[in-house]
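> fold the following for me, if possible:
(chains A, B, C and D)
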4 protein chains.
Amino acid sequence: MNSLQVSKIIPSFSWGSEKIFIAGPCAIENEEDLEHVASVLEACQWKFLRGGAFKPRTSPYSFQGLGEEGLKLLNRVSQKYHLYSVSEVLSPEEVPLVAEYVDVLQIGSRNAQNFSLLKKVGECKKSILLKRGMMMKLEEFLLAAEYIAEKGNPNIILCERGIRTFETATRNTLDLSAIPYLKEHTSLPIIVDPSHATGKASYVTPLAKAALSCGADGLMIEVLFLGLLKRQVQLRKRVLPLFPVIVE
Amino acid sequence: MNSLQVSKIIPSFSWGSEKIFIAGPCAIENEEDLEHVASVLEACQWKFLRGGAFKPRTSPYSFQGLGEEGLKLLNRVSQKYHLYSVSEVLSPEEVPLVAEYVDVLQIGSRNAQNFSLLKKVGECKKSILLKRGMMMKLEEFLLAAEYIAEKGNPNIILCERGIRTFETATRNTLDLSAIPYLKEHTSLPIIVDPSHATGKASYVTPLAKAALSCGADGLMIEVLFLGLLKRQVQLRKRVLPLFPVIVE
Amino acid sequence: MNSLQVSKIIPSFSWGSEKIFIAGPCAIENEEDLEHVASVLEACQWKFLRGGAFKPRTSPYSFQGLGEEGLKLLNRVSQKYHLYSVSEVLSPEEVPLVAEYVDVLQIGSRNAQNFSLLKKVGECKKSILLKRGMMMKLEEFLLAAEYIAEKGNPNIILCERGIRTFETATRNTLDLSAIPYLKEHTSLPIIVDPSHATGKASYVTPLAKAALSCGADGLMIEVLFLGLLKRQVQLRKRVLPLFPVIVE
Amino acid sequence: MNSLQVSKIIPSFSWGSEKIFIAGPCAIENEEDLEHVASVLEACQWKFLRGGAFKPRTSPYSFQGLGEEGLKLLNRVSQKYHLYSVSEVLSPEEVPLVAEYVDVLQIGSRNAQNFSLLKKVGECKKSILLKRGMMMKLEEFLLAAEYIAEKGNPNIILCERGIRTFETATRNTLDLSAIPYLKEHTSLPIIVDPSHATGKASYVTPLAKAALSCGADGLMIEVLFLGLLKRQVQLRKRVLPLFPVIVE
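Numbers count the residues shown, from 1 in each chain, chains lettered A, B, ... in the order given. Sure thing, here's the model as predicted:
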C-alpha cells in the first residue's frame, strides 16, 4: 500500500496541534435549530459544524433530508459562526453539488466500500471524512482511503464509529484499538464518533474521553433531535453540556 | 413494509417451477473462456450466464474489469448459447449502460445499502439481483429491496451470500436460516451463492444441495479463475463437474 | 492434531449407515411428558431420547433441573421405549453420576472449552456429544474434542448448533459450512441442532433437511415446552409432526 | 436482577479511591522471573501480582502450568514483595486448593458461564476476578456475577478483556462501552485487560489509558514471555516501561 500524504486537512484551516472537533444534528431540519448548535460550538471553540442534507436511510419511507436547501442553510450558518461545514454525500452525481457548499465531504459507513463514490470524491478538492464501514476490517478501511488518495486527494480524515458485533447493549461496538492500529499504519488524522457507536447519550462523554486518551485526533458528536430538544429543555441540558465536558 | 409483487423475473423467461441457476466467472477476461463456460451451462440446462465487467475491488490496485468491452462480450456469448446474462452495476451513472447489454443487473454486497444505486435500478426495466450485504440484518435486506420496488421495479431476486462473523475457516458464514426467514416475509425469489460464502471449491456442492433442500429458488456459482483453469486441466475437473452434480 | 478414531458411537448400537436422530425436551419436567415424547420417537424410529436433568441457566434464578431424579426418569423411560438416553453433564464431579444413568453424556456449548470437564468425560466409557461453543472457531472445536480423545475416549459426536453473530432474526446463526469442514478434518460423526440455532419452530424442518443434504450424520431436535404443549394441543400439532417430516 | 453489594474487595486491603492494578506473567515458569516482575510492581506501587498455575489451553498438547508448585511460588513471592496474589481456578474441585494460596481467584473467559465453577467460588471467602466471556453479552456477564453473589460472596471484580468479532487486526475487540454500561448497572468494580484484548504490546499503553479515562477501576496487564524477556533485554525494555507510563 502506498503511504498517504496529508498536506493540510482544510485548505484554510491551520492544521497543527489542534483537534478536529465536529458536532451537529444528524439531519438539518430548520435554520433556528442549526443556529443554536452553531452558537454553542463557537462558544466552545469547536471548529466544525456538521449537518445531513442527504440522508442514507435504511428504509425508503424515512425522511430523506432537505437536499440542496439543507446545504445552503448549512453553508450560511457555518459562515456566520466562523465554522467549517461537514455534510454527507451519497452518490457520485451529487459530489459537485455538495462540494460547492461544504468544506468537508463525509462518506458514511454504508458507503465506505462504494468505490465509484470514493473515486469521485478523490477527484474533488475538498477534504473528505471517511467513516469506517460497520463490518470493515481496518486493512479494508485503509484501502478505501487509498481509493480516494489514488485519485489525487490526500486530505482524508478517518473516522472510527463502531463495528457490528453480537453485543446489543450498545448500537455498535466502538473499536478503540483502531486508533493505535491506524496510527501505526498511516499518517492520516483519525477521529472517533462515540454517538453512533453507542447510541446512548450517557455513554458519549466517557467514550469521547477514552478516544482522546488513546490518541484520537478529534471527535464527531451527534446532537440528537435538536428540534425536539428546543421544546424539551431538560433533555437539552443533558446533551449540550457534552461540549464543555469534552473540550475541557 | 409494503409487500412486494413479482410479476415475472425475466420478461422473456417463463418463470414458474424452474429454478434460477446462475454461473460464470467473477471477472470476464476473454471470449474463449466465457464461451467455454456458456457451453457447459447450456449443456447442463442452466439458463443464466454471469460475468463481471465492472469489478468492486477492495484495493484500487487490483484489476478493475474490462468495462463496456466486457458487457458486449457477455451479451454476444449469452445470446449465442441462449442464456440470460447477469452482470454487476457499481454506480447510478452506469445503470443505463449495463441495462443496455444484460438481462439481470446485479447489486453487489458492498453496495447493498448504496441507496442512490438502489433507487436508480428501481427505475430501470430489467430484473435486479440484490446480494445481501455482509453486515446486513435480514430486515435491512428486505428494506433495501423495498428501495428498488418503491421506484416501480418489482423484479427482484434476493441472494444470500454469507455474512461476516468471527469464523475464519470459511470466507464468510453462509446463513441458510435466511431462506425460511425470507420465505416467511416476502414472495420474492431467493437464491444462494455458496461460492462467495465459503471461498472453497470443495464446500460449494454440499452447501448448494443444502440451499436447495431448505427451499432456495436457485443458485449462483462462481466459476473461478477460468483462464487459469484452461491451463490447469486437473483443477478444472474439480470445478466444472459442479454443474451436473448440483442440477441433478 | 492427532486424528481421532471412532470405533462405535454407542457400545450396544449398530453404528453404520444409520443416522443419529436425537430428540427430547430441554428440561425433564415429569414422566408423563417424557413418555409421550418417547412413544413418538419409537414410532418414528428415532433411536435417541434426550432430556436435561442439570440445566446450565444464564440466570441463577431460572429452574435448574430435576437433578438425579430427572436422570432416573430418563433412564426408566428410555429403556421402556428401547431408546438410547442423552443428558447434559455440567461439572467434573457429576460425571460419574450422569454416566451411571445415560448412554450419551452431552457437553453443552457454554462448557465446550471447560477443559476440566472435557478431561473428565475423556476418562469415562460412555459416548460424548460435544456441542460447539457459540463463539468457537472450528479449529478450536476440534481441539476441544481432542481433549476428550486424548484421555482415551474416542466415542465423540460433534454437534453444530449455531454461532453468535450480529444477526438477531434467529437466536444464533446455523453454520452449515461446518459440516464439509469437519468432514474434511475428522472422521467423527457430526450432527446438527437446528432448534437451538434458530429458536423458531417453523425454521427447524427446512434447516434439518439442509443439514442432512450437506452430509450431517444426524440431528438433535428440541421438543420445546412439552408440559405446555400437553395443554395446548394445537401448538403440539405444530411441533410433533417434525419427526415424520424430517425422517422421511 | 438483585443488586450486588461490595463490602471490600480484598479483606486486608483498604479499598477506596485506589485503583486495582494487576500484572504478572500468563504462566508462572520459575521463581527468578516471578521475583523480577514482583520487584517492578512493588517499585511502581502496583498492588497485585498475577500468575497462572493452572492454564486453560485451547490445545491439550500445550503447557498446562506448574499446578500446586506454581501456587506455592506465587504465594511466597507475593508475600515477600507485599503484593496481593491473583491466580486462575479451572474447576470446582480445585477451588479449595487455589483459595489456600491466593488472595483473588480468577475465573477465565472460557469459564465465564461454567456455572458449577461460579457457584463453587461463590461459597469461598476470597475475592473473585470474573473475566467476561469472549461471546458474552453484558447482561449475561452480570448474570454470571450474580451466580457468585447468590452463593454469598459479593467480593467480585469484573474484567472486560475483549470480545470476539470479525476484526482480525487485534486478537479480540476491546469493548470499552462496557465500562459506562456496567457502571450504570452495578456497583462492582470493573477493570480492563488490554493485553489479552489486543494481543499486541504496543497497543497496551494507549488502551490502558483509554480504559482509565472512561472510568475503569483498574487494569490487568500481561507481562508476556518474561522468561524469554530475561534473555532479550531489548524486548523487556518495551514491555516493562508500561507500568510507570500507566500509573503516572
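> could you measure from the residue positioned nearest the centre of chain A over to D:V95?
Compute the mean C-alpha point of chain A, and by CA atoms, centre = their mean the closest residue is A:M220, 5.2 Å away. The gap separating A:M220 from D:V95 is 48 Å, by CB to CB, to the nearest Å. Just so you know, the C-beta spots here come from the backbone N, C-alpha and C atoms, and that holds for glycine as well.
> cool, A:L182 as well?
Taking CB to CB, one finds A:L182 at 43 Å from D:V95.
> the more surrounded of the two?
Between A:L182 and D:V95, counting by other CB atoms under 10 Å in any protein chain shown, A:L182 is the more crowded of the two (24 against 20).
> the more buried one against A:P189, yeah?
No. Using CB atoms under 8 Å, A:L182 is not in contact with A:P189, being 9.5 Å away.
> find the residues that touch each one of the two.
Common contacts of A:L182 and A:P189 (CB atoms under 8 Å, 6 or more residues apart in numbering or on different chains): A:L158.
> where does chain A have its least confident helix or strand?
helix A:242-247 (a mean of 32; mean pLDDT, DSSP states H and E).
> just to revisit the earlier point, show me what the helix or strand the residue nearest to the centre of chain A falls within is packed up against.
Per DSSP states H and E: A:M220 is located in strand A:218-222. Applying 3 or more CB pairs under 8 Å, 6 or more residues apart in numbering or on different chains; DSSP states H and E, one finds that strand A:218-222 contacts strand A:20-24, strand A:190-192, helix A:194-198, helix A:201-213, helix A:242-247.
> one more time with 10 Å
With contacts defined as 3 or more CB pairs under 10 Å, 6 or more residues apart in numbering or on different chains; DSSP states H and E, strand A:218-222 has these neighbours: strand A:20-24, strand A:48-50, strand A:156-160, strand A:190-192, helix A:194-198, helix A:201-213, helix A:242-247.
> and the pLDDT at the nearest residue to A:I191 once chain neighbours are set aside?
Using CB to CB, 6 or more residues apart in numbering or on different chains and skipping residues adjacent in sequence, the residue nearest A:I191 is A:G218, 3.8 Å away. If you check A:G218, the pLDDT there is 92.
> so A:G218 bridges to which residues?
When assigned by DSSP bridges, A:G218 has beta-bridge partners A:I20, A:I191.
> pLDDT weak spots in chain A?
A:1-17, A:224-248 (pLDDT under 70).
> run the last query once more with 50
A:1-16, A:225-248 (pLDDT under 50).
> circling back to that earlier point, show me the contacts for the residue nearest to the centre of chain A.
A:20-24, A:48, A:50, A:86, A:106, A:129, A:131, A:157, A:159-161, A:191-196, A:208 (CB atoms under 10 Å, 6 or more residues apart in numbering or on different chains).
> how does it look with 7 Å?
A:I22, A:R50, A:C159, A:I191, A:D193 (CB atoms under 7 Å, 6 or more residues apart in numbering or on different chains).
> so the helix or strand hosting A:N75 versus strand A:20-24, what angle?
Assigned by DSSP H and E, A:N75 belongs to helix A:68-80. Angle of helix A:68-80 versus strand A:20-24, following axes from the mean of the first three to the mean of the last three CA atoms, to 10 degrees, is 130 degrees.
> after helix A:68-80, which helix or strand is next? Please name it.
Following helix A:68-80 toward the C-terminus (DSSP H and E): strand A:84-88.
> strands paired with that next one, and their directions?
Assessed with DSSP bridges, strand A:84-88 is paired to strand A:48-50 (parallel), strand A:104-107 (parallel).
> dump the ones you listed into a markdown table; add mean neighbour count as well.
As requested, these are exported to a markdown table (neighbours: other CB atoms under 10 Å in any protein chain shown):
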| stretch | mean neighbour count |
| --- | --- |
| strand A:48-50 | 27 |
| strand A:104-107 | 24 |
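> could I get those in a markdown table, plus columns for distance to C:C44?
Output for those, formatted as a markdown table (distance: least, CB to CB, whole Å):
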| stretch | distance to C:C44 |
| --- | --- |
| strand A:48-50 | 62 |
| strand A:104-107 | 56 |
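> nearest to B:C214, out of those?
Judged by CB to CB, the one of the strands paired with strand A:84-88 that comes nearest to B:C214 is strand A:104-107, at 37.3 Å.
> after the closest one, which helix or strand is next?
helix A:115-122.
> near chain C, which residues of chain A?
Residues of chain A found near chain C (CB under 7 Å from any CB of the partner chain) are A:R164, A:T165, A:F166.
> of these, closest to B:Q79?
Nearest to B:Q79 among the residues of chain A next to chain C, with distances taken as CB to CB, is A:R164, at 42.1 Å.
> the closest one touches A:M135, doesn't it?
Yes. If you go by CB atoms under 7 Å, A:R164 and A:M135 touch, sitting 5.5 Å apart.
> picking that back up, inside helices: which ones of the residues of chain A next to chain C?
Among the residues of chain A next to chain C, none falls in helices (DSSP state H).
> can you redo the residues you listed as a markdown table with distance to chain D and neighbour count?
Formatted as a markdown table, those follow (distance: CB to the nearest CB, whole Å; neighbours: other CB atoms under 10 Å in any protein chain shown):
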| residue | distance to chain D | neighbour count |
| --- | --- | --- |
| A:R164 | 8 | 24 |
| A:T165 | 5 | 26 |
| A:F166 | 7 | 23 |
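> and those, which is closest to chain B?
Set against chain B, the nearest of these by CB to the nearest CB is A:R164 (5.1 Å).
> pull up the gap between the closest one and C:T168, please.
11 Å.
> if we can go back for a sec, now the angle from the strand holding A:M220 to strand A:20-24?
Going by the same axes, to 10 degrees, strand A:218-222 makes 0 degrees with strand A:20-24.
> with only the CA atoms kept, save strand A:218-222 in CSV.
Provided in CSV are the C-alpha atoms of strand A:218-222 (Å, rounded to 0.1, in the frame of the first residue of the first chain):
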residue,chain,number,x,y,z
GLY,A,218,-10.7,14.6,17.2
LEU,A,219,-14.3,13.7,17.8
MET,A,220,-17.6,13.8,15.9
ILE,A,221,-20.6,14.2,18.2
GLU,A,222,-24.2,13.8,17.1
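> how distant is that strand from the center of its chain?
Distance of strand A:218-222 from the chain centroid (CA atoms, centre = their mean, to the nearest Å) equals 7 Å.
> quick revisit: what's the overlap in contacts for A:R164 and A:M135?
Counting by CB under 7 Å, 6+ apart, the shared contacts of A:R164 and A:M135 are B:M135.
> so what's the residue nearest to A:I191 up against?
A:K19, A:I20, A:F21, A:I22, A:P189, A:I191.
> next one: A:A145
Contacts of A:A145 (CB under 7 Å, 6+ apart): A:L4, A:L130, A:I156, A:L158, A:L188.
> ok, A:E93 to A:G152 distance?
From A:E93 to A:G152 the distance is 20 Å (CB to CB).
> comparing those two, which residue is more hemmed in?
More crowded of A:E93 and A:G152, by other CB under 10 Å: A:E93, with 16 against 10.
> what sits against that one?
Here A:E93 is in contact with B:P92, B:E93 (CB under 7 Å, 6+ apart).
> mind checking the SS state of it?
Here A:E93 is recorded as helix under DSSP: H, G, I helix; E, B strand; the rest coil.
> then A:K125?
coil.
> list phi and psi for A:L138.
Main-chain torsions, A:L138, degrees, to the nearest 10: phi -60, psi -30.
> ok, and the closest non-adjacent residue to it?
D:A169 (4.5 Å).
> pretty sure that neighbour is touching A:Y181, no?
Yes. D:A169 lies in contact with A:Y181 (CB under 7 Å); the separation is 5.3 Å.
> so for those two, which sits in the more crowded spot?
It is A:Y181, of D:A169 and A:Y181, that has more neighbours when counted by other CB under 10 Å, with 25 against 20.
> does chain B sit close to the helix or strand encompassing the more buried one?
Assessed by DSSP H and E, A:Y181 sits inside helix A:178-185. No. Using CB under 7 Å from any CB, helix A:178-185 stays clear of chain B, coming no nearer than 14.4 Å.
> quick one, that helix and helix A:201-213 angle?
Using the same axes, to 10 degrees: helix A:178-185 against helix A:201-213 is 30 degrees.
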